[in-house]
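Student: Give me a model of this one.
(3 chains, ligands or ions: 3)
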Amino acid sequence: MTENQTLHHNPIALHKALDRIWGTKPGWGRLAAVNHNVIGVRFMLTALVFFAIGGVLAMLIRTQLASSQSVFMDAETYGQVFTMHGTIMMFLFAIPFFEGMAIYLLPKLLGTRDLAFPRLGAYGYWCYLFGGMILIGALLAGVAPNSGWFMYTPLSSSVYAPGINSDVWLLGITFVEISALSAAVEIIVTIMKIRAPGMSLDRMPIFAWYMLVVATMMLIGFPPLILGSILLEVERAFDLPFFDPTRGGDPLLWQHLFWLFGHPEVYIIFLPAAGAISTILPVLAGTPLAGYRMIVSAIVSMAFLSFGLWVHHMYTVGIPHVALSFFSAASALVAIPTAIQIFAWLATLAHGRARFSIPMLHIFGFFFVFVIGGLTGVMLAMVPFDWQAHDTHFVVAHLHYVLVGGFIFPMLATAYYWVPHLTGKQPVQHLSHAAFWMIFIGFNVTFFFMHLTGLRGMPRRIFEYPAEFGWEVLNFVSSMGSFVMAMGFALVALDFILLFKFGRAFRRNPWKAGTLEWAMPTPPPSYNFASIPRVDNRADLLDPDVIGPHLAAGRGYLGMPRDDRMEVLGVNSVTGEPEQLVLLPRQTFLPFWTAVATGSFFLLMLFKFYWATPVALAAVIVCFCLWSRSSPSSFDDDAVPIGHGETVPVHIRAESPPSYLAMVLTLVADATLYISLLFGCLFLWISAPNWPPANLQSPSLWLLILAATSMSLGSLGSRISKKSAHMSLLGNGLAFAGHLISTGSFISIAFYSLPSASGHAATASLFVIVCYISLHGVVGSIFAAHALWRALRDHDMSVRVLDLKIGALWHDYSAASAFAAVGFCLLLDSLVRDGGV
Amino acid sequence: MLWGSFALFTLVLGLFLAAVLAPRFGRGVSQARWIILGGLILPVPVLAGLTFYAFAQGEFLLKGAVSEANEVLEVRAIGRMWQWQFSYPSVSGGPVHTDILHIPAGRTIEIIAESEDVIHSFWVPRLGGKIDAVPGHSSRLRIRADQPGRYGGICSEYCGTGHAGMQFEVRALGQDDFRDFLTGGLRHD
Amino acid sequence: MRHPLLLLILAFVVWSGTFLLVYATQATGCSLGWHNNDIAFWRSPLRFILIVLVVISFVAILGTLAWLRRRHKPAAALETSTFLGQVKTYVTIAAIFSTAFCFAGVFWLTLCPL
Ligand code: HEM
Ligand SMILES: [Cu+2]
Ligand SMILES: [Cu+2]
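Tutor: Ligands and ions are numbered 1, 2, ... in the order given. Okay, the predicted model is just below:
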């Protein structure tokens, strides 16, 4: 304990001082909230509202199918209803819900005060909310998407779906996915850099490992979907024929891009739930989690394997057997890491003494339902079986066993376990048992019989069926089951309302857990910990009852509010030793306004005011430029004391600040999108009919070389600019000019040298690739211009180094991708000419 | 597969209940051994066996239980919103029918599925296998009806509002009847 | 490539690369008709190429294991680096097994559409 923190050894005074800094302001100030407690809860509540809407749609489906020739809905309405049910459940409920949970829990489990980028979290939330509202608005207006949650083209193309239904999906979901990507970056950076001191990788709470893996999967998994959506939207809006077989496109390209995202998605949903179980179950069993290392290895392997099985959704499109075998084998393999986790949990239970409680009941539900789902999954992974069961109600049953078993039951367990933390009240527990059994029994009645319906040949997505097919009794039973289940969910809701109203308050740590989130008052204060702990054991084997009061009295790190700053510690990603003092940005309306600007872009696209979209884009860019301005700006020169006699530099002067890592991760996602694009074009060359194109004059070689080399001036400039303040002007000027020239040449290639992009998928591909590079040029020139402006205003190099380093990453990436684009143009040209098929 | 799954399910659930309800159960086995036995020793052989069996089975189905290509009869199935049209490319001037597919019983048929608009999928549940008709591609599937008779078929890829009604019928005929059919002798009933 | 977490996933990165390469080669080969012009000692050149690719990748991934073992030097406190070392070994072994298992089909399954 050093100098100025003796002030606040009184916990109450410390609390008041910190809350004034970290707390969200009332009234309109709520729109400026950036605190992870607020944002996390908002994510979860919004997701629950969407769950309710999706659930109502499910009830409509079951009502329709209860009898054979039901007149309740017509085919068009039914199409919208099942599409929206699937879409809402996957994109607007499951993913945002666990994001919210992670946003709320991670900083607490990691022993820190907030996430690495609070404003990014807030921006993600608004994107999610606005995007979701677009979809719900379309549902109410009767123009909801109607080609199934995986939007197979050509059914979703402008020829067969001329209305705005498909645009709603493509644009709305892409808008929502911004929040998934931003959450992924934020979660990874937080887990890597913002932990309690002493928390080395081997001491991380297991949930953090799970979320690290999940967020990385999101970073790689979402770009293909976003790319697919962009290409399909571009086809619909501007007639670039990526998926149109008459002009060298291929509907199968969409399926590859979609499922390259879609299958990992299932694991992205399951793993956070498994992480929650790995956290809760040992507490309830009263013994440490078995096989920590095995579990970490298993989930890492699972993450990779889950990217190698997307084609198992496409077994019936006529792909050769040997190719199917890779995916089939990977699908079987991915069951092994799951088995490892299941047996690790069983081992934990066997070595502990299980306390029977409501969360435990739901964990039982999870085991029961998920194991069945896993077994039917292995059956479906077998090609011959899938040829029979594909696209029947057997698959519908399977996917609900996996999703409800692997997500809903664990989340109910999670809710019963952590809601006391969130509210500071303990449940009343009159309804909890009944609610569980209704959901459990209702679920199994609904979906177990659906396996049989499917095996008897009932395809999915049909709104009526002839009575003589003998599917009616089974369907009726399923529908009855689903109503029981719905009542069960209503009881759960009531149960929680009762808890809010009548729950008893408790002291610390009701479950006798060993994790840090219980080492704080409940409900948690905005800043989580009055001071930050040092961790000297695995972070799920701690004693919150001792740590809590110690931290509340300000005896940990940073127990001294200073200069109204929001401070957390940044640590070495491996050893967990403190390296930097990270200053977080304060409450601001910027994320809100940026999301509004982003939303206006999507709405303009949706209503086809294409000419106005550049204005919206400019607004988005201006907003983002303002973000950098409001970053904390008064910087201490040297190392700053953080308590316990230790000092560290402020993050802008640190070796590896969080924002640098964030930029690396952003580029990883960006590169994934780009690589998918390049592979996608090659795929068209191999697979699509009507190749080669009649006239592919490729752009002039000199123009291509000029474009790429001028882009590399950016890289060069950024290297020069790090040398000194004067060189900085020169270097960034060079970079700025390079980007502009390059963008100009790429744009002229796109619009003047290439034949019309709507003529053939080959030219359309080149056009999109060139546009992609131009976009990078534009952003690069903004980076350079910003750096120039700062160099002119402010001569202290040391505060600008971070910006320059981040800019350099961007410049290098742009240059590399520009050269790749040129190489690709030449490659495609030669393939089409010589290797013509 | 069904019984195997049932056995595995009972095993896992049984272990779960025993571990929760019986305090002493499973304590004698070390945690590492639990994980290795259940997470590796149990699933690896099962999955490996199943996968390779499925490969062999898949090869068999793919070839449609014939060795010589000339034994199969090709049928072109063109899907369009919302009907199927069947024709016989190897029989010049052969019959063309909508929503009724005539095949000889006891002979392997190769379906060539194509589409004129969106993706459809050819499926006759009792004859096994299904194949998507993707516009721009023609994909193939071999099926076989051992007995003469009628088999219901249904489109199994969502293809718009008429999807539920996109049904058809397969009529497997005896050798002689089928020959009559090809030459236009067989009347519809 | 120095961050221990990157070393941890190295073997699976090799697996992913193999996956892409083998799948892309198979598709390209079928579309260019490499599967049915006989060459002297093998029924189909495409199958031959695929087998060579798979074998090379398998050797490469075994090499990864060996390399990781050799360069294993403690990066942090003892506990942390034994932890990382052990997880790395498990994950690498899983990747080796996956390589052998996933690509076994190239030896006999039907290569191209009928
Ligand atoms: C609350 C109870 C639920 C019921 C009664 C229910 C019922 C159904 C039914 C009957 C279908 C088939 C529609 C058809 O093919 O005609 C369906 C499809 C689907 N469900 Fe659910 N569901 C429920 C919960 C969920 C949950 C929690 C999720 C995901 C987290 C989910 C995801 C899906 C998806 C992705 C589809 C496919 C939609 C499509 O075919 O486009 N469902 N659901
Ligand atoms: Cu899948
Ligand atoms: Cu159809």
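Student: Just the buried positions in the helix or strand hosting A:T83, please.
Tutor: A:T83 belongs to helix A:75-87 when assigned by DSSP states H and E. Neighbour counts over helix A:75-87 (16 or more other Cβ atoms under 10 Å in any protein chain shown) mark A:A75, A:T77, A:Y78, A:G79, A:Q80, A:V81, A:F82, A:T83, A:M84, A:H85, A:G86, A:T87 as buried. For glycine as for every other residue, the C-beta is placed from the backbone atoms N, C-alpha and C.
Student: Mind picking the lowest-pLDDT entry from those residues?
Tutor: In terms of pLDDT, A:A75 ranks lowest among the buried residues of helix A:75-87, with 88.
Student: number of nearby residues for the closest residue to that residue other than its chain neighbours?
Tutor: Leaving aside its chain neighbours, A:A75 sits nearest to B:T161 (3.8 Å; criterion: Cβ to Cβ, 6 or more residues apart in numbering or on different chains). B:T161: 17 surrounding residues under other Cβ atoms under 10 Å in any protein chain shown.
Student: now do the same end-to-end measure for stretch A:302-321.
Tutor: 24 Å (Cα to Cα, to the nearest Å).
Student: can you tell me if it touches chain C.
Tutor: Yes: legend: contact between stretch A:302-321 and chain C by Cβ under 8 Å from any Cβ of the partner chain is shown at A:F304, A:L305, A:F307, A:G308, A:G318, A:I319, A:P320, A:H321.
Student: go on, stretch A:285-297?
Tutor: Yes: against chain C, stretch A:285-297 shows contacts by Cβ under 8 Å from any Cβ at A:R293, A:M294, A:V296, A:S297.
Student: Need the pLDDT of the third one.
Tutor: As summarised for this prediction, A:V296 has a pLDDT of 96.
Student: same thing with the first one?
Tutor: Per-residue confidence for A:R293 comes out at a pLDDT of 94.
Student: A strand includes it, no?
Tutor: No: assessed with DSSP: H, G, I helix; E, B strand; the rest coil, A:R293 is helix; it does not lie in a strand.
Student: Return the distance of the residue in chain C positioned nearest to ligand 3 relative to C:G33.
Tutor: Going by Cβ to the ion, ligand 3 is nearest to C:P113 of chain C, at 21.6 Å. Distance, C:P113 to C:G33, by Cβ to Cβ, to the nearest Å: 12 Å.
Student: neighbour-wise, which of the two wins?
Tutor: Set C:P113 next to C:G33 and count neighbours by other Cβ under 10 Å: C:P113 wins out with 17 against 11.
Student: hang on, isn't the more buried one packed against A:H321?
Tutor: No: taking Cβ atoms under 8 Å as the definition, C:P113 is not a contact partner of A:H321, at 9.3 Å.
Student: Which residue ranges make up the domains of the chain?
Tutor: In the absence of a named chain, chain A is used. A:35-505, A:672-835 (automatic domain parsing).
Student: hm, I was asking about chain B
Tutor: As given by automatic domain parsing, the domain ranges for chain B are B:2-62, B:73-182.
Student: most packed of those?
Tutor: Stretch with highest mean neighbour count among the domains of chain B: domain B:73-182 (a mean of 19; mean count of other Cβ atoms under 10 Å in any protein chain shown).
Student: if we can go back for a sec, find the nearest non-adjacent residue to the residue of chain C closest to ligand 3, please.
Tutor: A:P320 (5.4 Å).
Student: where does that neighbour land on pLDDT?
Tutor: At A:P320, the model reports a pLDDT of 82.
Student: neighbours around it, how many?
Tutor: Neighbour count of A:P320, defined by other Cβ under 10 Å: 18.
Student: my read: it touches C:Q26, true?
Tutor: Yes: between A:P320 and C:Q26 there is a contact at 7.3 Å, judged by Cβ under 8 Å.
Student: overlap in contacts of the two?
Tutor: Counting by Cβ atoms under 8 Å, 6 or more residues apart in numbering or on different chains, the shared contacts of A:P320 and C:Q26 are C:L111.
Student: Distance of the residue lying farthest from the centre of chain C relative to chain A?
Tutor: Centroid-distance maximum for chain C: C:A77 at 31.9 Å, with Cα atoms, centre = their mean. In this view, C:A77 and chain A are 7 Å apart by Cβ to the nearest Cβ, to the nearest Å.
Student: circling back to that earlier point, for the residues of stretch A:302-321 next to chain C, pick the one with the most neighbours.
Tutor: Highest count within these by other Cβ under 10 Å belongs to A:L305, 28 neighbours.
Student: how about the nearest residue to that one, chain neighbours excluded?
Tutor: Spatial nearest neighbour of A:L305, excluding adjacent residues (Cβ to Cβ, 6+ apart): A:V334 at 4.3 Å.
Student: quick one: contacts for that neighbour?
Tutor: Contact partners of A:V334, counting by Cβ under 8 Å, 6+ apart, are A:Y267, A:M302, A:L305, A:S306, A:L309.
Student: most surrounded residue in those?
Tutor: Highest neighbour count within these, by other Cβ under 10 Å: A:L305, with 28 neighbours.
Student: so which strand or helix has it?
Tutor: Secondary structure assigned from DSSP H and E places A:L305 in helix A:292-305.
Student: Show me what that helix is packed up against.
Tutor: Contact partners of helix A:292-305 among helices and strands, from 3 or more Cβ pairs under 8 Å, 6 or more residues apart in numbering or on different chains; DSSP states H and E: helix A:206-238, helix A:251-285, helix A:335-351, helix C:4-32, helix C:78-102.
Student: Just list the residues touching the closest residue to ligand 1 within the stretch 701-837 of chain A, thanks.
Tutor: Ligand 1 sits closest to A:A761 of the stretch 701-837 of chain A, with a gap of 26.7 Å, by Cβ to the nearest ligand atom. Neighbouring residues of A:A761 by Cβ under 8 Å, 6+ apart: A:L240, A:P241, A:F242, A:D244, A:R247, A:G248, A:G249, A:D250, A:L684, A:A688, A:P693.
Student: Name the SS class of the last one, please.
Tutor: Under the three-state scheme (three-state DSSP), the conformation of A:P693 reads as coil.
Student: Disregarding flanking residues, what is the spatial nearest neighbour of it?
Tutor: Of all residues beyond its chain neighbours, the one nearest A:P693 is A:H760 (3.9 Å), with distances taken as Cβ to Cβ, 6+ apart.
Student: ok, how many other residues are close to the one you found?
Tutor: So A:H760, with other Cβ under 10 Å, has 26 neighbours.
Student: separation between it and ligand 3?
Tutor: Separation of A:H760 from ligand 3 (Cβ to the ion, to the nearest Å) stands at 28 Å.
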